[in-house]
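Novice: Sequence unavailable; structure follows:
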């Protein structure tokens, strides 16, 4: 029977980052991935045999968090084949079918400000003030976001570098709904749409605490690092991570579905796969796996205290996703000219409709209209499809209990009809189309339960010390040597690698010079939480 220092379950970005960190420390690391390729929800493929040179991103596509993440930057992925590229414009928001002007984030902050001023005088100055504030907060804030909770050291740096005023203002942003912040910052519709549309990348309702933070963070990243994509497809980011992990000494075996973490006397001692393989573990198991499946199916409820079992029963997933992929001859003929040069386009509705859409989803109602996020991938990366064509995807969300194929098909039709209204003649240009329903997304990546792409809701009641259940806000679990390393744990969803990095650093600390007292303190904390 083979024995290693650590097994990493899942070769998604978090799992691969965790493998890099452990292998860099000299551990013997084995990554086991259920799918036939690495990447998890960061993969690309050719969907249409008739046009094999067209590349489609199967899940995520644009990576501002990856470009800004200090965790990923430290890996030096550019030395392992990663090349970032960007569209001429970062984001456009087309608010309705009759709109010939749209809100735009340009690569140059002054251009963004000038465009906002044309919509409402004074909004450009407000944008530049926000961006200046962001530049003061950027480094300590990103460090605080992507370090273990609570961020004592990095939080102190944030207060020291940013000052009391900016730190308090950041706290207010975090506590404010995006609708309120948009009204405070901008007089015109375009500025408000940019912040609100980006907030809808998460599943936090527009009028809820936390939506303002998501909107502000993404628009500031958009203006700072842009919304870059890996040249050649999203999968090139995962391949670079895998090459980096292998260069550090980690082994990666695909097609190996881990079905059991073997627990002996409260400690993870081995893993078993569907093929009958068993791997003994000396030090740690890092699980880049959704929390309900990990604890219920792979570990087993018999190893969990009753209070944790109760917490897991109330675990809330984020919203199901339905995604369309197209190959478009001649690109999308947007009425709003500026949208044609944007990599990411939000389309479907303006502020009133966006608020209704968000409220309907939160209430479990099927919205009457659609708000969709669309990627013009060839605009961002000309290698994605043959000259004169555009590789395009768009996705939207469904209410949590309406993830059936029939619901997905209806919403996909509405997505395409709405796009046709904003870009007349679009349908006549479509050469190929492929629909990914929630069931398709889950079949391609078991972590995407009913097409949920965030590893659980991003709302405040399931963040920080409540993610994935009431606890310490850290990757350690009630099973010694088993660490949560995926989006189910702090800081949550998004391609930033921090979940895997934090899990790896926690495992290293537990086996380090102070490992024995560290483990004792953690065990006592777990007993207090779950007794």
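Specialist: Happy to help now that I have it. Since the structure is predicted, the reported quantities are computational estimates derived from the model, not experimental observations.
Novice: so where is the stretch 301-450 of the chain shaky, pLDDT-wise?
Specialist: When the per-residue scores of the stretch 301-450 of the chain are filtered using pLDDT under 70, no range remains.
Novice: what about the helices in it?
Specialist: 306-313, 351-363, 377-380, 405-422, 426-429, 438-444 (DSSP state H, counting those that start in this stretch).
Novice: Can you name the residues in contact with the fifth one?
Specialist: Right, the one you point to is helix 426-429. Residues outside helix 426-429 that contact it (C-beta atoms under 8 Å, 6 or more residues apart in numbering) are 328-333, 416, 419-420. For the C-beta atoms, the positions are set from N, CA and C on the backbone; glycine is no exception.
Novice: Rebuild the helices of the stretch 301-450 of the chain as a markdown table, extending it with distance to residue 79.
Specialist: Rendered in a markdown table, the data for the helices of the stretch 301-450 of the chain read as follows (distance: least, C-beta to C-beta, whole Å):
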| stretch | distance to residue 79 |
| --- | --- |
| helix 306-313 | 41 |
| helix 351-363 | 41 |
| helix 377-380 | 23 |
| helix 405-422 | 39 |
| helix 426-429 | 39 |
| helix 438-444 | 29 |
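Novice: For this protein, give me the ranges with low pLDDT.
Specialist: In the predicted model, the chain carries pLDDT under 70 at residues 152, 515, 531.
Novice: let's see it at 50
Specialist: Low-confidence regions of the chain, defined here as pLDDT under 50, do not occur.
Novice: domain assignment for it?
Specialist: Split into domains by automatic domain parsing, the chain comes to 2-41+234-316+449-530, 64-230+318-444.
Novice: Pull up the distance across the last one, start to finish.
Specialist: So the one you mean is domain 64-230+318-444. Using C-alpha to C-alpha, to the nearest Å, one end of domain 64-230+318-444 lies 24 Å from the other.
Novice: Please apply the same query to stretch 389-405.
Specialist: Counting by C-alpha to C-alpha, the length from the leading to the trailing residue of stretch 389-405 is 29 Å.
Novice: buried sites along it?
Specialist: Within stretch 389-405, the residues that qualify as buried by neighbour count (16 or more other C-beta atoms under 10 Å) are 389-400, 402-403.
Novice: Over to stretch 3-23?
Specialist: Counting neighbours by 16+ other C-beta under 10 Å, the buried set in stretch 3-23 is 4-23.
Novice: swap in stretch 254-264?
Specialist: With burial defined by 16+ other C-beta under 10 Å, the residues of stretch 254-264 counted as buried are 256, 258, 261-263.
Novice: Surely residue 330 and residue 392 touch.
Specialist: No: with contacts counted by C-beta atoms under 8 Å, residue 330 stays clear of residue 392, the gap being 11.7 Å.
Novice: Show me where the stretch 251-400 of the chain has its strands.
Specialist: Counting by DSSP state E, counting those that start in this stretch, the stretch 251-400 of the chain forms strands over residues 251-254, 258-264, 267-273, 278-287, 321-329, 342-347, 372-376, 389-397, given from the N-terminal end onward.
Novice: Would you mark the buried spots in the third one?
Specialist: Of the residues in strand 267-273, those with enough neighbours to count as buried (16+ other C-beta under 10 Å) are 268-271, 273.
Novice: sorry, back to before: quick one: which of the helices of the stretch 301-450 of the chain is nearest residue 460?
Specialist: helix 351-363 (13.5 Å; C-beta to C-beta).
Novice: Look up which residues are beta-bridged to residue 373.
Specialist: On the basis of DSSP bridges, residue 373 takes part in beta bridges with residue 346, residue 395.
Novice: Against residue 504, how distant is it?
Specialist: Between residue 373 and residue 504 the distance, using C-beta to C-beta, to the nearest Å, works out to 31 Å.
Novice: Which of the two has more residues huddled nearby?
Specialist: Shown here are residue 373 and residue 504; by other C-beta atoms under 10 Å, residue 504 has more neighbours (30 against 23).
Novice: quick one: the more buried one is in a strand?
Specialist: No: assignment of residue 504 by DSSP: H, G, I helix; E, B strand; the rest coil gives helix, placing it outside any strand.
Novice: Now do the same contact list for it.
Specialist: With contacts defined as C-beta under 8 Å, 6+ apart, residue 504 is in contact with 17-22, 286, 483, 485.
Novice: ok, for it, nearest residue in space, not its chain neighbours?
Specialist: Closest residue to residue 504 in three dimensions, ignoring its sequence neighbours and counting by C-beta to C-beta, 6 or more residues apart in numbering: residue 21, at 3.5 Å.
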